[in-house]
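Participant: A predicted structure for the sequence below; I have some questions about it.
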Amino acid sequence: MADPLLTFTEQGIYCARGDFYIDPWRPVDRALITHGHADHARWGMGRYLATDLAAPVMRHRLGDIPLETIGYGEVRDIGGVSVSFHPAGHVPGSAQIRVEHGGEVWVASGDYKVVDDGLSTPFEPVPCHHFITESTFGLPVFRWKPQAEVAADLNAWWAACADAGQTAVLGAYALGKAQRLLSMLDPAIGPILCHTAIENTNAILRAQGLRLPDTVHATADVDPKAHPRALLMAPPSATDSKWAAKFGARQTGFASGWMALRGIRRRRAQDRGFVISDHADWTGLLWAIEQTGAENIYVTHGYTEIFTRYLNSAGWNAEVIPTQFGSEEEDAA
């Protein structure tokens with residue numbers, strides 16, 4: 001039997017026939033990157049290939065890297081292997097990578113979600129024989145509410161904080177989650193202030209045509225008194241910092257799929273938790289896998305053992321693949 005088209009090595013997911021890696025975690029010559037989060041797009045590769053939508057953020061995070069871009073659905077021949085990138089719906093510019101040779105088709109999905117958030121190009125199922133999937137939220141307890149319901153809860157909390165003379169401080173990851181939450185906020189309630197890490201990412205995505213509400217860059221010099229009724233958005237690590245403390249009386253909120261677990265909500269000691277994620281929930285993972293028609297499923301980061309056992313019991317041929325992928329949500333949890 002011929003060797004499989006993709007193999008799993010110490011450097012990452014490898015295509016020997018095309019001599020390239022997908023989201024490698026160690027320096028290699030040629031890296032195909034699904035999206036710009038740090039566990040998938042790392043510094044030190046000889047050459048990078050990513051979507052044209054992911055490229056600006058990758059350059060912002062990694063510097064002057066040798067980066068070539070590709071559009072969704074465009075097919076490239078790399079060493080006789082057909083490669084194409086398809087929407088993953090995770091964050092703007094995120095992609096699943098389809099690899100084909102001799103009738104054998106693999107899809108490495110990176111991170112993905114299957115609901116349309118209104119910002120990222122919506123997830124598109126890609127038929128294949130072999131599907132590499134995450135399992136960040138691969139338990140039945142994780143089932144997301146409609147985005148409109150979460151938006152209503154979020155804005156009601158902000159309005160209540162503003163009416164009580166408190167600043168609403170909302171923790172959000174700088175790439176993806178922050179912009180999704182911004183699109184859900186009601187600017188009529190008050191001004192929206194953003195930490196530098198988030199505002200810099202906002203500027204990059206706005207330059208690409210992403211429509212976001214007006215925000216104020218919350219530098220060290222910003223005067224909180226000049227922005228009454230404000231919502232302050234910051235990375236999770238900054239919501240309880242001295243920088244945030246200067247905004248006086250405040251409530252803190254955190255938006256993450258992990259807020260579905262009561263124990264994590266208690267440990268984070270937030271005033272409010274909003275259950276929303278840029279990863280697929282239990283239902284979304286199963287739907288995506290079914291849509292591919294794949295016979296073989298390879299499960300990476302998350303609830304790998306539990307999710308894999310379920311897939312095998314349901315008739316798929318599934319196995320756990322150890323990787324160095326994590327997720328911004330796992331880090332925060």
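Facilitator: Okay, I see it. Numbers count the residues shown, from 1 in each chain.

Participant: mind checking how far Y14 is from H130?
Facilitator: In this view, Y14 and H130 are 14 Å apart by CB to CB, to the nearest Å. All C-beta spots, glycine's among them, are computed from the backbone N, C-alpha and C.

Participant: ditto for C161
Facilitator: Separation of C161 from H130 (CB to CB): 48 Å.

Participant: the more surrounded of those two?
Facilitator: Taking neighbours as other CB atoms under 10 Å, C161 and H130 compare with C161 leading, 26 against 20.

Participant: what segments of the stretch 1-150 of the chain are helices?
Facilitator: Ranges of helices in the stretch 1-150 of the chain, per DSSP state H, counting those that start in this stretch, are 55-62, 147-163.

Participant: which one of those is the most hemmed in?
Facilitator: helix 55-62 (a mean of 20; mean count of other CB atoms under 10 Å).

Participant: can you give me the offset of it from its chain's centre?
Facilitator: Its chain's average C-alpha position is 15 Å from that of helix 55-62, according to CA atoms, centre = their mean, to the nearest Å.

Participant: what mean pLDDT does that helix get?
Facilitator: Averaging pLDDT along helix 55-62 gives 97.

Participant: which helices and strands sit right next to it?
Facilitator: On a contact count with 3 or more CB pairs under 8 Å, 6 or more residues apart in numbering; DSSP states H and E, helix 55-62 meets strand 67-70, helix 196-207.

Participant: dump that helix to PDB, restricted to CA.
Facilitator: The C-alpha trace of helix 55-62 is given here as PDB (Å, rounded to 0.1, in the frame of the first residue of the first chain):
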ATOM      1  CA  ALA A  55      -1.900  37.700   5.300                       C
ATOM      2  CA  PRO A  56      -2.200  41.200   6.800                       C
ATOM      3  CA  VAL A  57      -2.700  40.000  10.300                       C
ATOM      4  CA  MET A  58       0.100  37.400   9.900                       C
ATOM      5  CA  ARG A  59       2.500  40.100   8.800                       C
ATOM      6  CA  HIS A  60       1.500  42.200  11.700                       C
ATOM      7  CA  ARG A  61       2.100  39.400  14.100                       C
ATOM      8  CA  LEU A  62       5.200  37.700  12.600                       C
END
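
Participant: need the pLDDT of R268.
Facilitator: 63.

Participant: try E329
Facilitator: 56.

Participant: now swap in H35 and tell me
Facilitator: Looking at H35, its pLDDT is 97.

Participant: how far away is it from E134?
Facilitator: Distance of H35 to E134, computed by CB to CB: 12 Å.

Participant: what does G79 give?
Facilitator: Note on G79: its distance to E134, by CB to CB, is 27 Å.

Participant: these two: who's more crowded?
Facilitator: Using other CB under 10 Å as the criterion, G79 and E134 rank with E134 on top: 27 against 13.

Participant: per-residue pLDDT, the more buried one?
Facilitator: We have a pLDDT of 97 for E134.

Participant: hmm, back to that, among the helices and strands packed on helix 55-62, which comes closest to G257?
Facilitator: helix 196-207 (19.0 Å; CB to CB).

Participant: from the contact counts, what lies against that closest one?
Facilitator: helix 55-62, helix 177-184, strand 231-234.

Participant: many thanks, I have nothing further to ask.
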